[in-house]
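>>> Here's my sequence, what's the structure:
(2 chains)
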Amino acid sequence: MSGVNLNRIVKNYGSLEVVHGIDLQVNPQEFVVLVGPSGCGKSTTLRMIAGLEEITSGTLSIGDRVVNRVAPKDRDVAMVFQNYALYPHLNVADNIAFGLRIRRVPKQEIAQSVEEVAKILGLTEYLDRKPSDLSGGQRQRVAMGRAIVRHPKVFLFDEPLSNLDAKLRTQMRSEIKRLHKRLGVTSIYVTHDQVEAMTLADRIVVMRDGRIEQIGAPMELFNNPVNTFVAGFIGSPPMNQFEAEIAAEDGGMVAITQNARIRLPAAKELLGHSGRRIIVGIRPEHTSVKPVEGATAIPVELDLVETLGSEALLHTTVGDTPFVVKTETGGRTDHLQSVETVYVMPRDIKIFDLESGRILQSQLTEMAA
Amino acid sequence: MSMRETVGPATEELVAEAKESQRDRFRRRAVWLGDHMRREWQIYLMLLPVLIWFVVFLYKPMYGLQIAFKDYSIFRGVAGSPWIGFEHFQTLFGNDQFLRAIKNTFIISSLSLLVGFPVPIILALMFNEIRNERYKRTAQTIVYLPHFISLVIIAGIVISVFSPSTGVINLALQKLGFEPIYFLTRPEWFRPIFIGTGIWQEAGFQSIVYLAAIAGVNPSLYESAVVDGASRWQMMWKITLPSILPTIIIMLIIRIGNLLEVGFELIILLYQPATYQTGDVINSFIYRQGLQGAQYDLAAAAGLFNAVVAFILVMAANTISRRVSKTSLW
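I've put the predicted structure just below:
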């Protein structure tokens, strides 16, 4: 198995630079997900790895080989496209066999490989059908079959599930994960859906405007976002963020925003900075509607209770800033209608710089302990 | 017989019921159409000019078709001329010139279908492979151009190019040491020149349809094939061509339907009595008999025959195509 190494990769369209020198090391057998809003350069990056876009500058290596100038077919990668890219005039078996036929693999071997792949993907009974006679999920499976059958060094996925409905997407997501476990092929997966990223990735690469914002394991990104963008992008619903002013109180620090005084985790650097404006970040999951020992209380005004079943989302406001609370329902929601205060442990609160949006937490040290 | 009573309603009752339900369906459809017309009257208004055009130029003249079965005289008029049945058809099929025209029509149109039909497809595939946009646009303009030139001028160009004294071709032949050939008086050269002229004039313009079809092919099919390792040539054969096959079939059906519609204006402009032997087609025969010879009834009979055969050809081509490739005009 081969890793993929991107070193200062830049992409220009004419004079417009869309990818600004990306560094990324994908380890052998690793499943890396590139995630970010549309136009962040994630698909372009993937297409550069596939060889469908030229690399303006920087070095791309697959395994030990620099492949900047290597034709796509010689890079030994296989790509799964968003719209499946199945040949409408060929049946499932011929679609899967296409890449092998092009490479003039012996017929016997092709038949065997196709059968094997069809079995893995549960397509055996559909081999004679045309793509137009298949459901979205089946088409997606055929597209993956085309990639798998060639035994490439690297799989590239370009938003492969975005044309499927929600239920099918969840199902295919776990199938892709299982497949990766089984085949152990290095995979790079592009999506704008952070849930897909969280569930599939060994490591997530969050991108914005042609730059990498943060690379890390899903929970690392969830727990320790480096800036407000990652904090807002990873997690669903996103992290609550609002502006506040630091003040000293009872030997600790508080963030004052409109009608709330929120106790912050202790921070040496902030001690002398009373009056500094910051962004406070609180994950909806880290809030509680019941008092908790050591928690800071935030007065809220309830707008709406959104019931999801075992959980509910309370859409509230702190002053005039929207604030979402996620809570267990315990099977009933009537007690949630009267919520006026939510509780947050200070250690769960993130503090970001107002200008740069970067986290200040790494500079914090626990004082109380 | 007694079984029927116990099994269910009698056949007559079933038939009556089916008829009633059919009437009901028609009634509902008529109501629906009425509602639709009231609601979307603007669309029907826009349809009107086309309908009027059809009635005035295609349906009303059909009234005159009856002279194919009449001994027509302009003084007695269409309605006043006496019926004579199939006499004109008998005359036609006893006429060597007409039989020759049928034969020529089939030969010329089959050859031009065989040779001319693939040319625009090949052109479109070739245009599609040109990467330089400016070069591509220039090349396309050059091949589209003859389509916009009047047929009379086209014929003039052909006549001067093949002229025995000043034509480019004969000058070239002479330079190479051959005797000049008076192409347009030689029966054996008439068909190649006619078909070649047709291709030169129309192939470029016809390629637009295929270019449009090619433009509609999902680009990720090509990208996927590139990653799979397909060459340009393989992509053309395995992706582009199969993707535009439905368009090709539709064009073929239309072409077969028009098989007997040999562009007779060009024939009339190019042929002469010396080349009637290979160049006279049904339409030019009709033109000579009907307009030049004033035998309107005979010409109408020949035209009707032409139309009936063309109709059968379209129906057959469409049916075969629907059965074989599931693509059809209707």
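>>> so how far is A:V190 from the residue of the stretch 51-200 of chain A found nearest chain B?
Taking CB to the nearest CB, chain B has its nearest neighbour within the stretch 51-200 of chain A at A:K73, 3.1 Å off. (C-beta placed from N, C-alpha, C; glycine too.) In this view, A:K73 and A:V190 are 21 Å apart by CB to CB, to the nearest Å.
>>> about what we covered before: which residues touch the residue of the stretch 51-200 of chain A closest to chain B?
B:226-230 (CB atoms under 8 Å, 6 or more residues apart in numbering or on different chains).
>>> Tell me both backbone torsions, phi and psi, for it.
When read as degrees, to the nearest 10, the backbone of A:K73 gives phi -70, psi -20.
>>> Farthest pair within the contacts of A:K73?
B:V227 and B:A230 (8.9 Å; CB to CB).
>>> Looking only at neighbour counts, state which of the two leads.
B:V227 (28 against 23; other CB atoms under 10 Å in any protein chain shown).
>>> Can you check the pLDDT for the more buried one?
pLDDT recorded at B:V227 is 89.
>>> if I pick it, what's in contact with it?
So B:V227 contacts A:50-52, A:72-73, A:77-79 (CB under 8 Å, 6+ apart).
>>> Residue 202 - how many residues pack around it?
Picking chain A for this. A:D202, neighbours per other CB under 10 Å, totals 15.
>>> wrong one, chain B
Neighbours of B:E202 (other CB under 10 Å): 19.
>>> That one belongs to a helix?
Yes. Counting by DSSP: H, G, I helix; E, B strand; the rest coil, B:E202 is located in a helix.
>>> Enumerate the residues of the stretch 51-200 of chain A near chain B.
Taking CB under 8 Å from any CB of the partner chain as the contact definition, the stretch 51-200 of chain A meets chain B at A:51-52, A:72-74, A:77-79, A:81-83, A:85, A:87-90, A:98-99, A:102-103, A:146, A:150.
>>> Of those, which belong to strands?
Per DSSP state E, strands hold the following members of these: A:77-79.
>>> In JSON lines: the residues you listed, plus pLDDT and neighbour count.
Below are those laid out as JSON lines (pLDDT from 0 to 100; neighbours: other CB atoms under 10 Å in any protein chain shown):
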{"residue": "A:V77", "pLDDT": "93", "neighbour count": "26"}
{"residue": "A:A78", "pLDDT": "92", "neighbour count": "24"}
{"residue": "A:M79", "pLDDT": "92", "neighbour count": "29"}
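>>> and which of those is nearest to B:P273?
Nearest to B:P273 among these, with distances taken as CB to CB, is A:M79, at 66.8 Å.
>>> Let's see the pLDDT reported for the closest residue in space to that closest one that isn't next to it in sequence.
Leaving aside its sequence neighbours, A:M79 sits nearest to A:L156 (CB to CB, 6 or more residues apart in numbering or on different chains; 4.3 Å). Note on A:L156: pLDDT of 94.
>>> Can I get the helix or strand hosting B:Q42 in PDB? Just the C-alpha atoms.
Element membership for B:Q42, per DSSP states H and E: helix B:41-54. The C-alpha coordinates for helix B:41-54 follow below in PDB (Å, rounded to 0.1, in the frame of the first residue of the first chain):
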ATOM      1  CA  TRP B  41     -54.800  29.900 -24.700                       C
ATOM      2  CA  GLN B  42     -51.600  31.800 -25.300                       C
ATOM      3  CA  ILE B  43     -49.800  28.600 -26.200                       C
ATOM      4  CA  TYR B  44     -52.500  27.500 -28.600                       C
ATOM      5  CA  LEU B  45     -52.400  31.000 -30.100                       C
ATOM      6  CA  MET B  46     -48.700  30.600 -30.800                       C
ATOM      7  CA  LEU B  47     -49.400  27.200 -32.400                       C
ATOM      8  CA  LEU B  48     -51.900  28.700 -34.800                       C
ATOM      9  CA  PRO B  49     -49.600  30.100 -37.500                       C
ATOM     10  CA  VAL B  50     -48.000  26.700 -37.900                       C
ATOM     11  CA  LEU B  51     -51.400  25.000 -38.100                       C
ATOM     12  CA  ILE B  52     -52.400  27.500 -40.700                       C
ATOM     13  CA  TRP B  53     -49.200  26.900 -42.600                       C
ATOM     14  CA  PHE B  54     -49.900  23.200 -42.600                       C
END
